Every structure is written in structure tokens, then in C-alpha cells.
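Structure, please.
(one chain, ligands or ions: 1)
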Amino acid sequence: MLNVNKLTSLEEELSKASEKGMKIGLVPTMGALHNGHMELIKQARMHSDYVIVSIFINPLQFNQAEDFMNYPSNLLKDSDKLKNAGVNLLFNPDAKLIYPKKPSVKIDFGGLSHKLEGRFRLGHFEGVGLVVMKLFNLIKPNVAFFGLKDLQQFVLIKHIVKEFSYPIKLEGIPTVRGENGLALSSRNTLLSPSGIKIAAQIYKGLIWAKNNFETFHASEALKIQLNNFYQTQEGLSIEYCEVLNSNTFKPLKSLQSGKKITLCVAAYVEGVRLIDNIFLRE
Ligand code: AMP
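Here you go, the predicted structure:
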């Protein structure tokens, strides 16, 4: 596996791969790799010929300096995992390469970027959108892999690809969970063993909602019941819990409309912010 942090070396490798007619697959990450990331990589190996994984902790998508400073990182361990997984190239740029100067262009990615995650993490999706566009422009992948754990991010990137006419196929990969149901996340490493147990209740609530939503008419009633359950979990603090149309990400009032429905949750456990979601009706 090549470990590249310079643009010239990246360009050299990309032109070699494209001369051979290889299909380039990109898996963008912020490192501290776990089995969720590894599943994206496995899919990338299955659906492309040359797999590039980027590791870049993007300062622009953090709305709190402390969150950015505390974000877990372990490049040596990550690099070993990628080598063993058959990745062709690790792109690990420093912030100066991605942002030679403070970006003077600000792109507003529209209504979707201002709700849920965007509402509670101001500027988050402006940062995500910008870095993803930069990676797409630098690497020009044929196919890019993203996790459905970050569903709003995936929907936003789908909009970006369409609106900016990127010739890139997107693959959304289902959420990988631990045995207790907790969605794998780099942030889980910041939790204590008892914090992990509390955090696993997030998914327990989502599963309850999936099994019971059809007995409710209004999404509000479902949310009240779910919030009641979450409130009884000591140490779990819910930031939002929203029922949405899976395609448009608009809030859904009725659960009986026959539309595809998604439930998204953000919560804090031991000061660590976690998100998860479930398709209620697929
Ligand atoms: P991150 O390093 O957290 O920015 O995540 C990099 C990519 O991995 C994103 O596309 C995430 O949605 C995806 N990802 C993170 N956790 C999981 C998981 N548990 N299952 C599937 N994909 C994931």
C-alpha cells in the first residue's frame, strides 16, 4: 500500500491507475478506523479495481474546537489495518494541502444542510460538503463509498453529485453495529464500558420504534413514547429524535402515508455525541 501525502505523488499514482483503465474507488474517512470503515473498504474492493482511502480530520466540519481536539486518531494502527485489507493507496493530507488558505468561498448546500445535524452543529455540512468536493476534485474517483450511519450526510452528498454533475457513482453502505446493537463509531473509543452500555440503548429504542410504529397514527405520538423510553435511561441525553421522509428528509407528520420513513436520533453519553438512524418503512 502506498502512503501518500503530496499532491504530485497522488497525481502520479492516479495517472498510472487510469492508464491501466482501472476503476478508482474512494472511501473518505477521518481515521480511527473500525469495522464500519472496513466494511466500506470491503465493498470498495468488490466494486472497484484501485481502492483509495483518505484519512483527514477535517477541521471545517467541527463546530466546537474541543470536539476537534479530542477527536480520536491512530495513524499507525490505521495504516496497518488498511494494508491488511488490500487498500492500494492511503491519502493522508495535512490541513495545509487541503486548505492552503482559509477558504474564501462558502457554499450553502441548501435546506437539507440546515436541519438535524446542521441545526445542532452549525456549519457542519458546509465543512463536509467542501472537503468531499475537494477530495472528489483531487482524486476523481469512479465510485465513492459512504456509510448510511451518517444518513443525512449521504443524502446531502447525493445532492452535491447531482447538482455539480460529478461523474461519480455513490454507494451507501448499511450501518455496521456491535453485538449490543451500538452503531460503530470512532467516537465510541471515548466512552467507558458503562457508557457503551448506555449508548446501546439508542439502538434498542430505534428497534422498538421499527417494531411498533404502525400502531401509531402520528409521528409525534411515536416520538413521545420513544423519548419517554430514552428519558428512563440514566446517562443518556437526547438532542433530537426526528421522523422523516427517507427520500426528501422532510419531517413526516403521518406514519400511515405509505412513504418511506426514517427515524434519526442524536444523543450525548458521557459528553460524547452519537448519532444513529433506522429505516422504519423501507
Ligand atoms: P468517519 O471517519 O466517521 O468520517 O466515517 C467515514 C465513513 O465511514 C462515513 O461514510 C461514515 O458514514 C462511515 N461509517 C462510520 N461508521 C460506520 C458504521 N458503523 N457503519 C457503516 N459505515 C460507517
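
quick one: contacts for the closest residue to Lys115 other than its chain neighbours?
Distances taken as Cβ to Cβ, 6 or more residues apart in numbering place Phe249 nearest to Lys115, at 7.2 Å, with adjacent residues excluded. Where C-beta positions appear, they are placed from N, C-alpha and C, glycine not excepted. The contact partners of Phe249, taken as Cβ atoms under 8 Å, 6 or more residues apart in numbering, are 112, 115-116, 152, 155, 262.

what's Phe249 sitting at in phi/psi?
Backbone torsions of Phe249, given as degrees, to the nearest 10, read phi 60, psi 20.

Can you tell me which residues in the chain are near the ligand?
29-30, 36-37, 39-40, 146-147, 149-150, 173, 175-176, 183-186 (Cβ under 6 Å from any ligand atom).

Out of those, name the ones that lie in strands.
Secondary structure defined by DSSP state E assigns 29, 146-147, 173 of those to strands.

of those residues, closest to the ligand?
Gly147 (2.2 Å; Cβ to the nearest ligand atom).

Can you give me the neighbour number for the closest one?
22 (other Cβ atoms under 10 Å).

My guess is it contacts Ile173. True?
Yes: applying Cβ atoms under 8 Å as the test, Gly147 and Ile173 come out as touching, 5.3 Å apart.

And the helices in the stretch 51-200 of the chain, which stretches?
Assigned by DSSP state H, counting those that start in this stretch, the stretch 51-200 of the chain shows helices spanning 65-70, 75-84, 95-98, 117-120, 124-139, 151-163, 193-212.

Can you mark which positions in the fourth one are buried?
Looking back up the chat, that one is helix 117-120. By 16 or more other Cβ atoms under 10 Å, the buried positions in helix 117-120 come out as 117-118.

Give me the contacts around that helix.
Contact partners of helix 117-120, identified using Cβ under 8 Å, 6+ apart, comprise 112, 124-125, 152-153, 239-240, 266, 275.

This completes my enquiry, with thanks.
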